[in-house]
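Enquirer: just coords:
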Ligand code: XUL
Ligand code: CO
């Protein structure tokens, strides 16, 4: 028996359904732009937010009661695994994601922690077989334990680097064992709180070496999934090195990791960096490094990572359009890196959150489909750049023009006439299709 056993199995009921836990839009087998809806979205449950978070905040104690929050740690972890799969089975989404420390307790040594992880993996493997739920990605928690307070790979102490390396080795092998499709590195403590004690050049070199070691080990063990870095500009540290997509791209180039590592883009991390979510997705796609998405939303009035479930399909339609334009996420997916609020203390709240979240994504995908099928947005964009498709534009890009020849061209031609960007007309098209 688990605490989730009394929850109903979530079913598709269509837009007119009256059951609050029925799906209105997420119809996993519906064909959207030639692909099943589930294959576009590949939704995933985050083990940490759904089964580990307790409602604890900087001002107050845990509010969510779960039986596995107490008792002998290994027995509690096994109980948590059974409950997690009972929940996910009822929800019916295809994937989950986890940190090593979400699923298994930390032991007294790196060796003991690995043994504990292996014990729980056995249970998780059985549950995955039973339910058919797959692993989107695994990761290592390199930020909670005090040993990582000054960073993991970027720690001033190489012994901490080695400890983190051991942890990532075990978590990567665990991900491989469970058939995970990606492995994520989020550098929560890879940054600084003050420049007064920080050597930026050393820390960049350390982080670059660490990522190269991870890639080397991936190939050594035959893991065919994708290594992903998750950008975030700040929180928990004042400044994090993986600030945003463009910054991480520079890091990949600098450390010769291009082609080996892609990005996991999170909505609320994009907004923390002062970008829109769609900007980060479009930037990653244009640079060829779009990997996966952590889906959530921030609060427009708060400047921190509130990790709320998405609930506004119109807001999400432009990020979704960028995913569709990129041809989808490949082996990636949309992982709900989102948590229920501290006052949401009934287990039903967790189901409502995911049902609303996945329906919002489905609605956003349907809006993106309408925009693509309508075609006016793409046509307007193509027309805007049409000059670059022939004559002068092609010669410039091919490198056959010089400042000298361009000056001659400009001096002999009539000055170019400004043309409207038509922003309001385009915004109206999108709004009318939403
Ligand atoms: C933290 C965050 C993490 C990563 C995985 O802001 O997003 O949960 O997704 O470590
Ligand atoms: Co995340």
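Expert: Arrived safely. Just so it is clear, the model here is predicted, and its values are computed rather than measured. Ligands and ions are numbered 1, 2, ... in the order given.

Enquirer: wait, isn't residue 396 in contact with residue 405?
Expert: No - using Cβ atoms under 8 Å, residue 396 is not in contact with residue 405; the gap is 9.7 Å. All C-beta spots, glycine's among them, are computed from the backbone N, C-alpha and C.

Enquirer: Up against ligand 1, what does the stretch 101-250 of the chain have?
Expert: Proximity of the stretch 101-250 of the chain to ligand 1, by Cβ under 6 Å from any ligand atom, involves residues 139, 184, 186, 230, 232.

Enquirer: Would you enumerate the residues in contact with residue 366?
Expert: Residue 366 makes contact with 25, 32 under the criterion Cβ atoms under 8 Å, 6 or more residues apart in numbering.

Enquirer: which SSE is it in?
Expert: helix 347-374 (DSSP states H and E).

Enquirer: Enumerate the positions of that helix that are buried.
Expert: 347, 350-351, 353-369, 371-372 (16 or more other Cβ atoms under 10 Å).

Enquirer: same thing with stretch 224-244?
Expert: 225-234, 237, 240-244.

Enquirer: Take these and keep only those in strands.
Expert: Counting by DSSP state E, the buried residues of stretch 224-244 place 226, 227, 228, 229, 240 in strands.

Enquirer: The last one touches residue 230, doesn't it?
Expert: This means residue 240. No - checked against Cβ under 8 Å, the pair residue 240 and residue 230 is beyond contact range at 10.2 Å.

Enquirer: Now tabulate the ones in strands among the buried residues of stretch 224-244 in TSV and tack on pLDDT.
Expert: Converted to TSV, those look like this (pLDDT from 0 to 100):
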residue	pLDDT
226	98
227	99
228	99
229	99
240	98
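
Enquirer: ok, those vs residue 149, which is closest?
Expert: residue 240 (14.1 Å; Cβ to Cβ).

Enquirer: ok, for that closest one, nearest residue in space, not its chain neighbours?
Expert: Leaving aside its chain neighbours, residue 240 sits nearest to residue 191 (3.7 Å; criterion: Cβ to Cβ, 6 or more residues apart in numbering).

Enquirer: Might you report the residue contacts of that neighbour?
Expert: 151, 154, 234, 237, 238, 239, 240, 241.

Enquirer: Dihedrals phi and psi, it?
Expert: phi 180, psi -160 (degrees, to the nearest 10).

Enquirer: same thing with residue 402?
Expert: phi -120, psi 170.

Enquirer: Which element, helix or strand, includes residue 44?
Expert: strand 43-46.

Enquirer: The helix or strand following that strand: how far from the chain's middle?
Expert: Toward the C-terminal end, the helix or strand that comes next after strand 43-46 (DSSP H and E) is helix 47. How far helix 47 lies from its chain's middle: 14 Å, per Cα atoms, centre = their mean, to the nearest Å.

Enquirer: Which neighbouring elements make contact with whichever helix or strand comes after helix 47?
Expert: Next helix or strand after helix 47 toward the C-terminus (DSSP H and E): helix 73-91. Where contact means 3 or more Cβ pairs under 8 Å, 6 or more residues apart in numbering; DSSP states H and E, helix 73-91 is packed against strand 43-46, helix 100-103, helix 110-131, helix 347-374.

Enquirer: now with 7 Å?
Expert: helix 110-131, helix 347-374 (3 or more Cβ pairs under 7 Å, 6 or more residues apart in numbering; DSSP states H and E).

Enquirer: pLDDT of the longest one, averaged?
Expert: This points to helix 347-374. For helix 347-374, mean pLDDT rounds to 98.

Enquirer: for the first one, same thing?
Expert: Regarding helix 110-131, the rounded mean pLDDT is 98.

Enquirer: What is the distance between that helix and the centre of its chain?
Expert: The chain centre lies 24 Å from the centre of helix 110-131; the measure is Cα atoms, centre = their mean.

Enquirer: Over to stretch 92-112?
Expert: That offset, for stretch 92-112, works out to 18 Å (Cα atoms, centre = their mean).

Enquirer: Which residues of the stretch 151-300 of the chain lie near ligand 2?
Expert: Residues of the stretch 151-300 of the chain lying close to ligand 2 (Cβ under 5 Å from the ion) are 266, 294.

Enquirer: try 8 Å
Expert: Taking Cβ under 8 Å from the ion as the contact definition, the stretch 151-300 of the chain meets ligand 2 at 184, 186, 230, 232, 264, 266, 269, 294, 296.

Enquirer: Can you name the residues that contact the residue in the chain positioned nearest to ligand 1?
Expert: Nearest residue of the chain to ligand 1, counting by Cβ to the nearest ligand atom: residue 186, 3.6 Å away. Shown in contact with residue 186 (Cβ atoms under 7 Å, 6 or more residues apart in numbering): 139, 230, 232.

Enquirer: please redo it, this time with the cut-off set to 10 Å
Expert: 99, 139-143, 228-232, 240, 242, 264, 266, 269, 294, 337 (Cβ atoms under 10 Å, 6 or more residues apart in numbering).

Enquirer: which strands and helices sit next to the helix or strand hosting residue 284?
Expert: Of the helices and strands defined by DSSP H and E, residue 284 is found in helix 277-287. Where contact means 3 or more Cβ pairs under 10 Å, 6 or more residues apart in numbering; DSSP states H and E, helix 277-287 is packed against helix 245-254, strand 261-266, helix 267-272, strand 290-295, helix 313-325.

Enquirer: what's in contact with the first one?
Expert: Contact partners of helix 245-254, identified using Cβ under 10 Å, 6+ apart, comprise 187, 204-205, 207-208, 211, 229-231, 233, 240-243, 257-263, 265, 269-270, 273, 275, 279-290.
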